[in-house]
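In: give me a model of this one.
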Amino acid sequence: MRVLGIEGTAWAASASVFETDDPTRASDADHVFIESDPYQPESGGIHPREAAEHMGETVPEVVETAIEHARERASEETDGESGDSPIDAVAFSRGPGLGPCLRIVGTAARAVAQRFDVPLVGVNHMVAHLEVGRHQSGFSSPVCLNASGANAHLLGYRNGRYRVLGETMDTGVGNAIDKFTRHVGWQHPGGPKVEAHARDGDFHPLPYVVKGMDFSFSGIMSAAKQAYDDDVPVEDVCRGLEETIFAMLTEVAERALSLTGADELVLGGGVGQNDRLKRMLREMCDQRGADFYAPADRFLRDNAGMIAMLGAKMYAAGDTLEIAESGIDSNFRPDEVAVSWRAATESVDRSVRAETEVQGAEATVAIEADRVVKERVPRSYRHPELDDRLRVERTRQETRLTSDARRHGVPTPLILDVDPERSCIVFQRVGDADLRESLTEPHVRDVGRYLARIHDAGFVHGDPTTRNVRVGRRDAPPDERAGDAREQRVADTESDQHTYLIDFGLGYYSDEPEDHAMDLHVLAQSLSGTADDPERLLSAAEDAYREESDHANAVFASLDDIEGRGRYQ
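Out: Numbering: from 1, shown residues only. Predicted coordinates for the structure are as follows:
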C-alpha cells in the first residue's frame, strides 16, 4: 500500500509518501518519505494571510515532489515499466487549523485524488500526532499527550473514540511560549530559543496551575513577561518556563496514567521536540514503572508523514470521503473523530485493584487493615525547589480541606496523623473500592451533592475524579473518637453513607463560580475516560448538584463558558 499525505494546517507545507505491507503495525519494511517547506514569518507569530499565501505557493511544489518519489518507488517495483497510479489513496489534514491554509490543502488533495482516480481520506491533524507514536511504539492503548503550538491535551481511547482526559483552558503550550518570546523580541518559533537559553539559566519560580488533568498557561506567561521586564535574567526566566510548564504537562500525564490504570504513554506535537520535556516524561514513567515513547523529531513537528500513516489505517478500514463531503473543519476536535481503524473493545482504561499499595499520581498509598498511609514521594522530574514546595503545600491543604469538608456534612476519612515535612498523612480507611470500580447513579449523585456542599462552603476539591472517590461499607477504627465533637456528630449521623470524597491535595478556598465549575468539568472528563455511559452518569451528578446547591445557576453558567474554551470550540 502506498498513500500520499498532504499537511498544511498552519505553517508547514508538507507532502509525504508512506509505504507499508500492513498499516495496522509498524515494521522494518515501512517507508516514509517527507518533503516540507515551512513558513517563516519575518517577525512576530504566524499571520494567517501570510501563511495561506505560503501554502498556495509551496503546497503544489511539495506535492509534486512527493508524487515523483511515489512514481520512482512504483517504477522500482515494476522494473521501470510504467503502470497504474503510483499511489493507492490521498490523505489530507482536514482540521483543526487555520481555515485559509486548510482549504488550500483540501483543494490540492481533491485534485490529486481525481487525477489518479484514487480514494480520498480526511485526517484529524491532532489524532495523527498521537497515532504516529502509537503506530511506531507498538503500544496497545496508551495515554497520549499532545503538546503542540495551538494545542495541549491528554487523550485516551475508549468506546470507539479518543476521549479528552485533560486539556489547556486557555492557549496551546507552543503558543504560550511564543507569546513570551515575542515579548522578548525573538523571532518565531520561540520554543528552540527558550530551550537554548534555559540551559544557561537558574530556576525562577512562576505560577503552577493544574486543575485535575486540566491546566492553564496564561498566568505563567504574564508572570514570565513581568519577570523579564523586572530585569530577571532572560536565561533564568526561560529555565523557569521550561521547568514549570513541562512539569505541569508531566504531572497531568501521570494523573491520566493513574486514573486509567494505563502503563504506556506516547508523546506527540512539535513542543515534544524539547529534550527537557522528553526527559521529564521518561523519568516520570520510569518512576511509576510505565513505558514511554516519543517519535523522532521529524514526526513530532507538523509533517505529512503522520497524515499519510493515519490515512493508510483509515483507507484500510474503508474510511474514505466522497469529494462532495470532503470539506475542511478548522474546529475539528479529536474527540469528534469516529475511530474506524481500532476495535471498539480496545480501551485505555485498565482497572487494576490494589490491596496493599497504590501508586497514585503524586503519592504512594500504603493500605493497612484500618488505615491508609499516604506519602507524597519526591518527583525526580521536577526541579527540587518546585517539588518541595508543591509536596508540602498540597499536604497541608489536603489536611485542612479534608477536615473542613467533613465539618460541612461531606463524608471523608478521618485524619489520624500528619507529618508536613515528610509530606505524609495517615487516614482512616474508608470504603471498599474506588468509584471507577462501582460507577452507579447513586454513587455519582452523592459526588454531585458533596461537591455542591463544599462549594457553598467556599472551597473546591480540585481533582474529583473517579479515583478520588471511595465507595463501600463504612469502616471506622476505634480511634475515630479522636476527632472533634462536631466531626463525631457528622460521623454518627452519616453512618449509613457509602460514598466518600478523598484526596483534596489540589483543592483551595474560593467563592468564584468558575472555580466551582472546574470541579464539575474535571468530574466529567474522568467519567468520559472510565465509564461506559458517561453522559447518563454525569447528568445524575449534575441533577444532584442543582438540588443541593444555593448557587447552581451561576456555576452551570460558568461551566458552559469553560467548556466553550476547549481548543477549537
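In: give me the helices and strands touching the strand or helix carrying Pro60, please.
Out: Per DSSP states H and E, Pro60 falls inside helix 48-77. Helices and strands touching helix 48-77, by 3 or more C-beta pairs under 8 Å, 6 or more residues apart in numbering; DSSP states H and E, are strand 2-7, strand 12-19, strand 31-38, helix 99-116. C-beta here means a position set from N, CA and C on the backbone, and glycine is covered the same way.
In: need the residues that contact the shortest one.
Out: The contact list for strand 2-7 (C-beta atoms under 8 Å, 6 or more residues apart in numbering) reads 13-19, 59, 63, 66-67, 70, 73-74, 86-93, 105, 108-109, 112, 121, 123, 125, 302-309, 311-312, 315.
In: can you check the last one too?
Out: The contact list for helix 99-116 (C-beta under 8 Å, 6+ apart) reads 4, 6-10, 48-49, 51-52, 55-56, 59-60, 63, 67, 85-87, 89-95, 119-120, 323, 326-328, 330.
In: derive a ChimeraX selection command for the buried subset of the residues you listed.
Out: Entered in ChimeraX, the line below selects the buried ones among the contacts of helix 99-116, by 16 or more other C-beta atoms under 10 Å:
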select :4,6,7,8,9,10,51,52,55,56,59,60,63,67,85,86,87,89,90,91,92,93,94,95,119,120,326,328,330
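In: specify the local secondary structure of Asp417.
Out: strand (DSSP: H, G, I helix; E, B strand; the rest coil).
In: which strand residues bridge Asp15?
Out: No Asp there; residue 15 is Ala. Judged by DSSP bridges, the bridge partners of Ala15 are Ile6, Glu35.
In: check contacts around it.
Out: By C-beta under 8 Å, 6+ apart, the residues touching Ala15 are 4-7, 34-36, 59, 62-63, 65-67, 304.
In: could you measure from His54 over to Ala308?
Out: Here the distance between His54 and Ala308 works out to 21 Å (C-beta to C-beta, to the nearest Å).
In: have a look at these two and say which one is more surrounded.
Out: Ala308 (37 against 23; other C-beta atoms under 10 Å).
In: so where's the stretch 51-200 of the chain shaky on pLDDT?
Out: Applying pLDDT under 70 to the stretch 51-200 of the chain flags residues 79-83.
In: quick one, strands of the stretch 401-550 of the chain?
Out: 415-419, 424-428, 433-434, 459-460, 469-471, 499-501, 508-509 (DSSP state E, counting those that start in this stretch).
In: quick one, which of the ones you listed is nearest to Ala366?
Out: When the strands of the stretch 401-550 of the chain are ranked by proximity to Ala366, the top entry is strand 424-428, at 9.6 Å, counting by C-beta to C-beta.
In: any idea how this protein splits into domains?
Out: The record's domain parsing of the chain by automatic domain parsing lists 2-127+299-336, 143-297, 357-565.
In: same question for stretch 284-292: list its buried residues.
Out: Applying 16+ other C-beta under 10 Å to stretch 284-292 flags 284-285, 288, 290-292 as buried.
In: also stretch 457-464?
Out: For stretch 457-464, by 16+ other C-beta under 10 Å, it's 457, 459-464.
In: got the contact list for that stretch?
Out: Contacts to stretch 457-464, defined as C-beta under 8 Å, 6+ apart, come from residues 211-212, 255, 401, 404-405, 408, 447, 451, 454, 468, 501, 503-511, 515-516, 518-519, 522-523, 526.
In: narrow the residues you listed to those that are buried.
Out: 211-212, 255, 401, 404-405, 408, 447, 451, 454, 468, 501, 503-507, 515-516, 518-519, 522-523, 526.
In: with distance to Asp349 added, can I get the domains of the chain in a markdown table?
Out: Shown next, in a markdown table, are these (distance: least, C-beta to C-beta, whole Å):
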| stretch | distance to Asp349 |
| --- | --- |
| domain 2-127+299-336 | 15 |
| domain 143-297 | 5 |
| domain 357-565 | 5 |
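In: so which of the strands of the stretch 401-550 of the chain gets nearest Ala26?
Out: The closest of the strands of the stretch 401-550 of the chain to Ala26 is strand 433-434. By C-beta to C-beta, the value is 34.6 Å.
In: give me the residue ranges of the chain where confidence is low.
Out: Scanning the chain with the threshold set as pLDDT under 70 gives 43-45, 79-83, 351-355, 473-497, 565-569.
In: closest to the centroid, which residue in it?
Out: Leu154 (1.6 Å; C-alpha atoms, centre = their mean).
In: from the contact counts, what lies against the helix or strand containing it?
Out: For Leu154, the element it lies in under DSSP H and E is strand 152-158. Helices and strands touching strand 152-158, by 3+ C-beta pairs under 8 Å, 6+ apart, are helix 125-137, strand 143-147, strand 161-167, helix 234-260, helix 513-530.
In: apply 7 Å and report the result again.
Out: With contacts taken as 3 or more C-beta pairs under 7 Å, 6 or more residues apart in numbering; DSSP states H and E, strand 152-158 sits against strand 143-147, strand 161-167, helix 234-260.
In: pick the most deeply packed of those.
Out: strand 143-147 (a mean of 30; mean count of other C-beta atoms under 10 Å).
In: now that strand, how far from the centre of its chain.
Out: Its chain's C-alpha centre and that of strand 143-147 lie 5 Å apart, by C-alpha atoms, centre = their mean, to the nearest Å.
In: next: stretch 548-567.
Out: 21 Å.
In: report the buried residues of that stretch.
Out: 548-549, 552, 555-556, 558-559, 562, 566-567.
In: now do the contacts for the residue nearest to Asp117 when sequence neighbours are not counted.
Out: Computed as C-beta to C-beta, 6 or more residues apart in numbering, the closest residue to Asp117 that is not its neighbour in sequence is Ser85, at 6.8 Å. Neighbour list for Ser85: 116-118 [criterion: C-beta atoms under 7 Å, 6 or more residues apart in numbering].
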